[in-house]
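J.: Got a predicted structure plus its sequence, pasted below:
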Amino acid sequence: MIFRAARHTNDLKPLIEFYTSILGLEVLGSFKNHDNYDGVFLGKQDQNWHLEFTTSLSKVNHKFDVDDILVFYPEQIIEYDKVLERIALNGIEKVIPENPYWRNNGIMIKDPDGYSIVIGKQKIK
């Protein structure tokens, strides 16, 4: 089974920059003016998942809950350290998670839309 998480946004550019430059994801594909939608697929090559972000003339008004999060597990400590370094270099503020599990097992930041992202450390080899 292939998994895609899709979310609408008012501005694709900062999301693409964040997810590629900070989290190290790749642009897997994109589309323009498909039934008045533009979009991008982000992820890692040869994986069975990706994120899709779309934009259109319809404006969004996100209302995220404190426990609405995407969790990324770097597979190696060097990848984890690189993500943390890029977060620091870009002045991205860390957020204290509501859930104590994430306070002890990762770091939380917000993407440009204000959606919570956890970089988990418990799956690292």
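T.: Cool, the structure landed. What you are looking at is a predicted structure, and each value in this text was computed from that prediction instead of being measured.

J.: Buried residues in stretch 63-74, which are they?
T.: Ile69, Phe72, Pro74 (16 or more other C-beta atoms under 10 Å). C-beta coordinates here come from the backbone N, C-alpha and C atoms, glycine included.

J.: Rank these by pLDDT and give me only the lowest.
T.: pLDDT is lowest at Pro74 among the buried residues of stretch 63-74; the value there is 92.

J.: Please name the nearest non-neighbouring residue to that residue.
T.: Distance criterion C-beta to C-beta, 6 or more residues apart in numbering; nearest residue to Pro74, sequence neighbours excluded, is Tyr80 at 4.0 Å.

J.: Give me the neighbour count for the one you found.
T.: 20 (other C-beta atoms under 10 Å).

J.: going forward can the numbers begin at 3, since that is how I track them
T.: Sure, I'll start counting at 3 from here, so that last one is Tyr82.

J.: Quick one: residues in contact with the helix or strand harbouring it.
T.: In this structure, Tyr82 is located in helix 79-91 according to DSSP states H and E. The list of residues contacting helix 79-91 from outside it, by C-beta atoms under 8 Å, 6 or more residues apart in numbering, reads 23-26, 74, 76, 96, 109, 111, 121, 123, 126-127.

J.: Off-centre distance for it?
T.: Relative to its chain's centre, helix 79-91 lies at 14 Å (C-alpha atoms, centre = their mean, to the nearest Å).
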